[in-house]
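J.: Okay, here's the prediction I keep looking at, along with the sequence it came from:
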Amino acid sequence: MSQDLVELAKRRGFFLGTAGAYGGVAGFYTYGPAGASLKDNIENAWRDRFTVQEGNMEVDAPTVMPEAVFEASGHLDGFDDMLVDCPECGESHRADHVVEDNTDIEEAEGLPIERIEAVIAEYELVCPSCGAGLAGQAVEPFNLMFETNIGPGSSSPGYLRPETAQGIFVEFPQLAEYARNQLPFGVTQIGRAYRNEISPRKSLLRVREFTQAELELFVDPEEDVPDLSDVADVVAPFYSAEAQYAEDGQPRELSVQEAVDEGVVADPWIAYYLGIAAEWYERIGVDMSRFRYRQHLDGERAHYAADCWDAESEVDGDWIELAGFAYRSDYDLSKHREHSDEEYTVFKQYDEPVTVERPTVDPDMSYLGPEFGGAAADVADALETLAERDPDAFREAGATDDVNVTVEIDGESYAVPVDRTGFAVEEVTESGEHILPHVVEPSLGIDRALYTVLDHCYREDEVDGEARTYLALPPEVAPTTVGVFPLMDRDGLGERAREMAADLRAHGLSVAYDDSGAIGRRYRRQDEVGTPFCVTVDYATIGERADDETREGGGDGDEPGTVTVRERDSTAQVRVAIEDLGATLTALRDGDLRFEDL
Ligand code: GAP
């Protein structure tokens, strides 16, 4: 993001560093009025595509969760970045970033700690803050979770969620009920996530509090496949792990269908969401010639992901991660099942009931009790588990002279005569089975999308011999849709323009009213915040003729009862009848009408 744009972002109320009055706090940003509105519009566009149009359910979970949730999810153990402290100035740095910024290693995050230490020593890397050598400094794992206490005292630790996803996974049993236990079903959530980043950087790109828009799709891995027809022709650059490992490997422009057919994207669900997301990023204003999909390298994937692709955009010559598309398999549901008292399965009904053989045991407790004392109940349980897992152990024992079945409990062996186990194989008719769904997850960062959109929509040109800067934001996401100006605040023009602004607001449009300064200046102000349309109320609007040169509008051809509508990018102007104005601007905003067709 150029310095000019950073200044524009602050000056025009997109975003600013938080608590500047108190020296600021790294990694936290406040969205100003224009930024908050742009962010809302991006979130609503996401909601429209990923929740409404996909027929998914949206939830809104708390940002603080008890410790048990993150013990189960693996975040307390495995959600670490690599930290290296400077021996001179004491500043902490992300060791993998120090490596990436100063060597030709591009993805250091996936390297083991020992390798990072070795690279720091080998390249004699120095502290980015003070220049002291870092060789020989220990690189330590640093957990990114923000800890807090729930209620007074410290007996009930809680954590700010590092991803919105866990708020969906923990409630899976209830959510499955809402979905009438029918797979596949998707649950979405837009909300804040928190990570105590070691070194927040590049403005909104790496912050400690950010917004995620996540979809967790629960599928039957054996049966559910997506209908790719809607996205089959969507084309994007795919940069596979194989191409990244190759000496001169490059991203390949492929359609989603080709990516699946050629095995570039192994999972069709991931491919489906890559197609949807590419269209969505274009819709909100990302320049698709500066966009690509990149597969994670081995070692780069999160602890839960079996395969993962990132959406990346180019900003200032760097590729930044906008989103991750992960195949999480049954990792999350199996962990919550293991750690809680709930079942995280759904009942899958067979088309036809099937008859199966089910091995059972009915241990003779009058034998097990005296023989094994306090361990008897555990031995009975172990026999049941063994019968399910390895019924042949009972069959083989019965067929040989050695008639004992042996089970192990805590390293101790217990031998039970097979005729005391009550082993039998029953024929049962089953109408279905309990299965653990797999999860496919598109996880988008809203702040990085917003930052990219601002950067990719920033334009400089010349209008009437004067330099101008503007944001070519798509009307759907622009913070303000219409600027309404009276030509001058006199002769009733201001009054009429204020009435018109109120009328347009009543149509659900976001409107800025401005009557200060020359009309050209007012256009520039709206151009700078990306307002796609401006309406000017002039003498024709109020049914008067322009009888001197200060009275624009009302000239020949300017129909009474019309206003001028000016389009931001082309600066072209047309006259529109007042009674059509609300409907016309709404259609322009929603993409149902093009300005050039007016
Ligand atoms: N539930 C999966 C998950 O959280 P992730 O790749 O860690 O996956 C998803 O995060 C997205 O969240 C990223 O692609 C990025 O856009 C955004 N994100 C992650 N950490 C961020 C940070 N510190 N600052 C801003 N955005 C961040």
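T.: Arrived safely, thanks for sending.
J.: what residue ranges in the chain score low on pLDDT?
T.: Scanning the chain for pLDDT under 70 picks out the ranges 1, 401-402, 544-558.
J.: hmm, 50 instead?
T.: By pLDDT under 50, the weakly predicted segments of the chain are 551, 554.
J.: For it, what lies in contact range of the ligand?
T.: 163, 165, 195, 197, 206-207, 210, 212, 214, 321-324, 441, 443, 445, 447-448 (CB under 6 Å from any ligand atom). To be clear about C-beta, it is placed using only N, CA and C from the backbone, and glycine gets the same treatment.
J.: Helices - which of those land there?
T.: 165, 447-448 (DSSP state H).
J.: before we move on, back to that, can you flag the buried ones in the residues of the chain next to the ligand?
T.: 163, 165, 195, 197, 206-207, 210, 212, 214, 322-324, 441, 443, 445, 447-448 (16 or more other CB atoms under 10 Å).
J.: Can you report how many residues lie near Glu408?
T.: Neighbourhood size, Glu408 [other CB atoms under 10 Å]: 10.
J.: In three-state terms, label it for me.
T.: strand (DSSP: H, G, I helix; E, B strand; the rest coil).
J.: Give me the distance between it and Val231.
T.: According to CB to CB, to the nearest Å, Glu408 and Val231 sit 51 Å apart.
J.: Likewise for Arg252?
T.: Per CB to CB, Arg252 is found 17 Å from Val231.
J.: Who has more neighbours out of these two?
T.: More neighbours surround Val231 than the other of Arg252 and Val231, with 20 against 16 (other CB under 10 Å).
J.: Now do the contacts for the more buried one.
T.: 256, 271-272, 275-276, 279 (CB atoms under 8 Å, 6 or more residues apart in numbering).
J.: let's go with 6 Å and repeat that
T.: Contacts were defined as CB atoms under 6 Å, 6 or more residues apart in numbering; by that measure Val231 touches 256, 272, 275-276.
J.: again with Gly422
T.: Going by CB under 6 Å, 6+ apart, Gly422 touches 361-363.
J.: Let me see the backbone angles for the spatially closest residue to Gly543 that is not a sequence neighbour.
T.: The shortest distance from Gly543 to any non-neighbouring residue, by CB to CB, 6 or more residues apart in numbering, is to Pro560 (4.2 Å). Main-chain dihedrals, Pro560, degrees, to the nearest 10: phi -60, psi 150.
J.: And Pro560, how far from the ligand?
T.: Counting by CB to the nearest ligand atom, to the nearest Å, the separation of Pro560 from the ligand is 52 Å.
J.: Is there a neighbour count for that residue? I'd like the number.
T.: Pro560 has 15 neighbouring residues, counting by other CB under 10 Å.
J.: hang on, it packs against Thr541?
T.: No - in this structure Pro560 lies outside contact range of Thr541 using CB atoms under 6 Å: 7.8 Å.
J.: distance of the residue nearest to Asn56 when sequence neighbours are not counted from Val439?
T.: Nearest non-adjacent residue to Asn56, counting by CB to CB, 6+ apart: Gly186, 3.6 Å away. Going from Gly186 to Val439 by CB to CB gives 10 Å.
J.: Kindly report the same for Leu471.
T.: 37 Å.
J.: In this structure, which residue sits closest to the ligand?
T.: The ligand sits closest to Gly445 of the chain, with a gap of 1.9 Å, by CB to the nearest ligand atom.
J.: and that residue, what are its bridge partners?
T.: In this entry, Gly445 is beta-bridged to Gln212, by DSSP bridges.
J.: Tell me which residue lies nearest the centroid of the chain.
T.: Note on the chain: the residue nearest the mean C-alpha position is Leu444, at 1.9 Å, using CA atoms, centre = their mean.
J.: so what's that residue up against?
T.: Contacts of Leu444 (CB under 6 Å, 6+ apart): 213, 323.
J.: Repeat that for Leu593.
T.: Contacts for Leu593 (CB under 6 Å, 6+ apart) come out as Ala587.
J.: Quick check: it is in a helix.
T.: No - read with three-state DSSP, Leu593 is coil and lies in no helix.
J.: Kindly list the main-chain dihedrals of it?
T.: phi -150, psi 140.
J.: max-length strand in the chain?
T.: strand 346-360 (DSSP state E).
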